[in-house]
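Asker: okay, structure incoming, though there's no sequence with it:
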């Protein structure tokens, strides 16, 4: 007898990426780096790959310390994840219960829709207009005590638009008053030049995700991280 999955997951459709032999081609479908690394860097990487290096579980302490130093935050504010996508999923796993409201801008990163269905959230979409303009006031108007999580990719994909730091702070403040979390997905922040990471310790409800996959050109490593206040990172761990 076949054992069925959870009923609500039967309604969840995922697009399966077929293996198309993309190596060596100009790839414009996943926002990967097209620059590559200098041969000197590749040789240095090869030089540290020993049998022990491959066989042993990695020592993540030095990476946590170096990353916290680069981000200018407390080491305990950082939580490493398997790509920023896993950081988003972990946030849903820890905080979102069936029936909770999750607010997203639309259209945006596809995994917000997937995780909302997986964790049986009630999805609230705040849509761009025909000129790809989104009103932060319209988003704020949707926030209520029923809102558990607000997910904002900033800059957003696929629109390439941004929400200003001032507007983000207004959203975070209103969300805090309603007991709601705000997740700022900064996968593309280097292309804008601004980040909310430096403000994470000051807010009780702000989560920021970043990744090594885009501007840093390390998509195959599947490495991302969350930065938040000490309490939230403790919950995520």
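Answerer: In hand now; what should we look at? On a predicted model such as this, the values are computed, not experimentally measured, just so you know. Numbering: from 1, shown residues only.

Asker: what's the average pLDDT for stretch 135-143?
Answerer: Averaging pLDDT along stretch 135-143 yields 96.

Asker: tell me the buried residues in it?
Answerer: When burial is assessed from 16 or more other C-beta atoms under 10 Å, stretch 135-143 yields the following buried residues: 136, 139, 140, 143. All C-beta spots, glycine's among them, are computed from the backbone N, C-alpha and C.

Asker: need the contact partners of it.
Answerer: Contacts with stretch 135-143, where a contact means C-beta atoms under 8 Å, 6 or more residues apart in numbering, come from 103, 105, 124, 126, 150, 163-164, 167, 170-171, 174-175, 178, 180.

Asker: among those, which one lies nearest to residue 47?
Answerer: Ranked by distance to residue 47 (C-beta to C-beta), those are led by residue 163 at 43.1 Å.

Asker: what about stretch 152-163, distance to the chain center?
Answerer: On the basis of C-alpha atoms, centre = their mean, to the nearest Å, stretch 152-163 sits 12 Å off its chain's mean C-alpha point.

Asker: could I get the full set of helices for this protein?
Answerer: 39-48, 51-55, 61-71, 83-95, 111-118, 136-142, 165-177, 230-236 (DSSP state H).

Asker: now for the third one, which elements pack on it?
Answerer: Applying 3 or more C-beta pairs under 8 Å, 6 or more residues apart in numbering; DSSP states H and E, we find helix 61-71 packed against strand 78-81.

Asker: for the strand it packs on, the distance to its chain's centre please.
Answerer: How far strand 78-81 lies from its chain's middle: 11 Å, per C-alpha atoms, centre = their mean.

Asker: buried residues in that strand?
Answerer: 78, 79, 81.

Asker: quick one on the thing from earlier: among the helices of the chain, which is nearest residue 221?
Answerer: Nearest to residue 221 among the helices of the chain is helix 83-95; the distance by C-beta to C-beta comes to 8.6 Å.
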